[in-house]
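Enquirer: Here is the input, now give the coordinates:
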Amino acid sequence: MNIMKNNFYVYEIKEKTTDKVVYVGQTTQPSIRYLTHFAPSGKFDRNLHYMNILENEWIFNNKKDARKYEDILQEYYGFETELQKRRKRIVDLLSPKNKRGGKKRAQDAFKKQCIELECPHCHEKGIGRIMYRWHFHKCKYK
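Expert: Purely as a prediction, here's the structure:
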């Protein structure tokens, strides 16, 4: 198979013993994606799984078509599609259970930065995290 960089490939990762598909993805560089998935810190074990790049009829010229086919395969195999994951994230953010929305979290982080601190060694006062750079355990008057 001739692999070119500007093409998008849809691939499956299967179990070696049962040939069951455990993951579906798309990429422009299958060899790099292979190394990522099967690295020591990756999701899959080389001894138990293998990567199957779907052949020439499933090579796409743009990401939109590749993503569409990836979603079709994910739905077929019973995996959660990217669109479903995005919708779930949005619903989770808007749900009343999520008491700490993005804006509230940002305000809390800003308040933490604005707290006035005093170094116990030189009694210098300052605002926020910048005090930790030069004072407390790094103070020259310690």
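
Enquirer: Name all residues that make contact with residue 67.
Expert: Applying C-beta atoms under 8 Å, 6 or more residues apart in numbering, we find residue 67 in contact with 26, 82. From N, CA and C alone the C-beta is placed, and that goes for glycine too.

Enquirer: buried sites along the host helix or strand of it?
Expert: Element membership for residue 67, per DSSP states H and E: helix 63-77. For helix 63-77, the neighbour count (16 or more other C-beta atoms under 10 Å) marks 66, 67, 69, 70, 71, 73, 74 as buried.

Enquirer: repeat for stretch 124-140
Expert: 131, 135.

Enquirer: Just give me how far it sits from the chain centre.
Expert: Computed by C-alpha atoms, centre = their mean, to the nearest Å, the separation of stretch 124-140 from the middle of its chain amounts to 34 Å.

Enquirer: List just the nearest of the buried residues of helix 63-77 to residue 87.
Expert: Minimum distance to residue 87 across the buried residues of helix 63-77 is 12.3 Å, recorded for residue 71 (C-beta to C-beta).

Enquirer: what are the ranges of the strands in the chain?
Expert: In the chain, the strands defined using DSSP state E lie at 8-15, 21-27, 49-53, 59-60, 116-118, 125-127.

Enquirer: for the helix holding residue 67, what is the average pLDDT?
Expert: Mean per-residue pLDDT for helix 63-77: 87.

Enquirer: repeat for stretch 82-99
Expert: 68.

Enquirer: what does stretch 20-35 give?
Expert: For stretch 20-35, the mean per-residue pLDDT is 88.

Enquirer: Can you list the neighbours in contact with that stretch?
Expert: Residues outside stretch 20-35 that contact it (C-beta under 8 Å, 6+ apart) are 3, 5-15, 37, 43-44, 49, 51, 53, 60, 63, 66-67, 69-70, 73-74, 77, 79.

Enquirer: And the buried ones among those, selectable in PyMOL?
Expert: Buried members of the contacts of stretch 20-35, defined by 16+ other C-beta under 10 Å, are picked up in PyMOL with:
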select buried, resi 7+8+9+10+11+12+13+14+37+44+49+51+53+60+66+67+69+70+73+74+79
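
Enquirer: domain ranges for the protein?
Expert: The chain breaks down into these structural domains: 8-91, 102-138 (assignment by automatic domain parsing).
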